[in-house]
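In: Please work out how this folds:
(chains A and B)
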Amino acid sequence: MSTKQEEYEKSQLYRIRHSAAHVMAEAVLEMFPDGQVAIGPAIEDGFYYDFDLPRTLTPDDLETIENRMKELIKNKADFTCEEISASDAKKLFHDQTYKLELIEGLESGKLDDDGNPTDEKVPITIYKSGNFVDLCRGPHVKNTSQINPHAIKLLNVAGAYWRGDEHRPMLQRIYGTAWESKDELKEYLWKLEEARKRDHRKLGRELDLYSTNDEVGQGLILWHPNGGMVRHQIERYWDDQHIANDYDLVYTPHIGKASLWETSGHLGFYKENMYSPIEIEDQEYYIKPMNCPFHLHIYKSQLRSYRDLPLRFAEKGTVYRYERSGVLHGLMRVRGFTQDDAHHFCRPDQMAEEVDFTLDFSINMLRAFGFNDFQAYLSTMPEKRVGDEQMWQDAEAALEDTLKRMGVPYEVDEGGGAFYGPKIDLKVRDALGREWQLSTIQFDFNEPERFDLTYIGEDGKEHRPYMVHRALLGSMERFFGVLIEHYGGAFPAWLSPKQVMMIPIADRHNDYAHEVANKLKEVGLRVTVDDSSDRMNAKIRNAQKQKYPYMLVIGDREMEDSQVALRRRSGENPGAMSVDAFIALALDEIERKI
RNA sequence: GCCGGCGUAGCUCAAUGGUAGAGCAACCGCCUUGUAAGUGGUAGGUUAUCGGUUCGAUUCCGAUCGUCGGCUCCA
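Out: Numbers count the residues shown, from 1 in each chain, chains lettered A, B, ... in the order given. Purely as a prediction, here's the structure:
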């Protein structure tokens, strides 16, 4: 459990939200006296409560419930806490099946009042407010008057499984948000609105970046020319950085024989996510869900000496994974995607340095794309695992030491590692303060064993190398989605699919505009000339909407003096300058990635 | 996959149990313009698909596909 979470749970805001959930439950039960209530905690930015109701809720219901909540708050009801025995609790909640199940869990000491596994046996407490009594650990505000009725809002209804288990009943979850002041609520709603405006699916269409298509299939991305240019720029930078940092670029096929996936273990533990095999001359082949087996075979293609290590094989490898239809989401969650993958092979004595390098490289890569706020998560040894304990401890120590040395804030997820090794996940915070998980750096103790990877040591004997699997951007698709939202579609010039829009004022300026455009193209700038019959104002408007970083207005004055008049996307208007001055300015900003 | 919503022109959205309409975009003109929409006209739809109810369905019902909000899972 994170420290940030613990701090939140102690805050007044947490109490307000948790209490608002109770008030909401009271309002809902007034509407549906036979309704069943499940669980209603405070969450980031708000709260929810799950209900089992005789009918589905409509948006109108939400409004009714919200209004009733505001009335209930005005009643200034006290929240009172009481510890009771399990049998009393069962009597009290005799008609609430979900609560009874929670009481069972509490009684047996295995589950807490949210139904999560716990080691400590907690006392059973109930909280009363107004006409509502809930099985609840608290804490709450003292009185509903501490909830600001002008700072709450119900947001939406959604389905949610009881206890998050897809085999159990589907409940109706109402999400709401609550703050201390009306202004904070307003700011939060503004943020939601801003997020909607920046939604990569909306911008993806408006800026003609990518699309999906029914006939092509769900979760499969068509990168349009504009998106393709952004991707090309990302990849070009990525390639250059990797080559400069002692990576070897490799390329591997999209399919591999069944036996490969048996050796790697994927048919054992990852089959759920793999597509059905293709039969070729009586052999089964699978489309790859991961790149690692191929990279391992490249390693194995020759005898490796301890002097060769570390080896770093990098590939923008396209993989296909089965994802349930309901989870697909724009570019963020797709069925075919390209990982910016790499596998490092090193000796035990190189481990610390290798991890240092990887995290440092990762952070530098992300900084280039405008991300400066990082949060790391270290996941350690789970119960079910491969590899001996010493390896785990060494690897975990290497990961943690690196985080400390580099001063990256991190939280530890005890036992949260994959069965094959511990890992660091890196999250970045975007322009709206939202967190996205991009990089992952994980040890793999499984595959080197399965493929029997070795190197010849100084002692002339065979040794097993350590293997690190890492993706920095994650996948090109998801990263592109995050980038679109981070920049709100206004990419910095170096990434922008289109960089310069030439805006001749009248037809007589067209030839000169094209002439300048050619000059700009020669130095590598991506230029468009708007020689349509639109007025200048309309041309500017169109270029703004397409988020061109530079607009060059050309009229009689510019033509006469061999100049261009620069207008920036920001609205800033530096005015006339020579073509060379503009070239210098643009190339400098592109070079500096601003 | 599950629960719920939605699917009308390229986009954003109207309308109706009785043969669908606007704005923007597109196309063709006119205008030749100084920092976010000049103007006239033309064209564009088997109302996602399939089936059912009905004299008649785009509207009502069912299924399928897609999509949106969540749950679960994840790069």
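
In: Only C-alpha atoms from now on, for both contacts and neighbour counts.
Out: Fine.

In: The nearest residue to residue A:589 once chain neighbours are set aside and RNA strand B: what is the separation?
Out: Nearest residue to residue A:589, sequence neighbours excluded (C-alpha to C-alpha, 6 or more residues apart in numbering): residue A:493, at 7.2 Å. Residue A:493 sits 16 Å away from RNA strand B, going by C-alpha to the nearest atom of the strand, to the nearest Å.

In: Now name the helix or strand holding residue A:493.
Out: For residue A:493, there is no host helix or strand (DSSP states H and E).

In: One more: residue A:483?
Out: Residue A:483 belongs to helix A:476-487, assigned by DSSP H and E.

In: what's next to that helix, contact-wise?
Out: Residues from elsewhere that reach helix A:476-487 (C-alpha atoms under 8 Å, 6 or more residues apart in numbering): A:195, A:198-200, A:203-204, A:231, A:330-334, A:337-340, A:369, A:430-432, A:436, A:438, A:473, A:489-491.

In: Pull up the residues of the stretch 51-200 of chain A that are close to RNA strand B.
Out: Listed as neighbours of RNA strand B in the stretch 51-200 of chain A under the rule C-alpha under 7 Å from any atom of the strand: A:56, A:156-162, A:164-166, A:170-173.

In: try 10 Å
Out: Residues of the stretch 51-200 of chain A lying close to RNA strand B by C-alpha under 10 Å from any atom of the strand are A:52, A:55-59, A:155-175, A:192, A:196, A:199-200.

In: Report the buried members of those residues.
Out: Neighbour-count burial (16 or more other C-alpha atoms under 10 Å) applied to these gives A:52, A:155, A:157, A:160, A:162-163, A:170-175, A:199-200.

In: Let's see which of those residues end up in helices.
Out: If you go by DSSP state H, these have residue A:200 in helices.

In: how close does residue A:589 get to RNA strand B?
Out: Distance from residue A:589 to RNA strand B, by C-alpha to the nearest atom of the strand: 20 Å.

In: quick one: that residue from residue A:440, how far?
Out: Look at residue A:589 and residue A:440: by C-alpha to C-alpha, to the nearest Å, they are 30 Å apart.

In: Equivalent analysis for residue A:501, please.
Out: According to C-alpha to C-alpha, residue A:501 and residue A:440 sit 39 Å apart.

In: Between those two, point out the one with more neighbours.
Out: residue A:501 (28 against 21; other C-alpha atoms under 10 Å).

In: Wait, a strand at the more buried one?
Out: Yes - counting by DSSP: H, G, I helix; E, B strand; the rest coil, residue A:501 is found in a strand.

In: which residues does it bridge with?
Out: Beta-bridge partners of residue A:501, counted by DSSP bridges, are residue A:528, residue A:551.

In: how far away is it from residue A:581?
Out: As for residue A:501, its distance to residue A:581 is 16 Å (criterion: C-alpha to C-alpha).

In: Equivalent analysis for residue A:45, please.
Out: From residue A:45 across to residue A:581, the span is 48 Å (C-alpha to C-alpha).

In: Next: residue A:313.
Out: Between residue A:313 and residue A:581 the computed distance is 42 Å (C-alpha to C-alpha).
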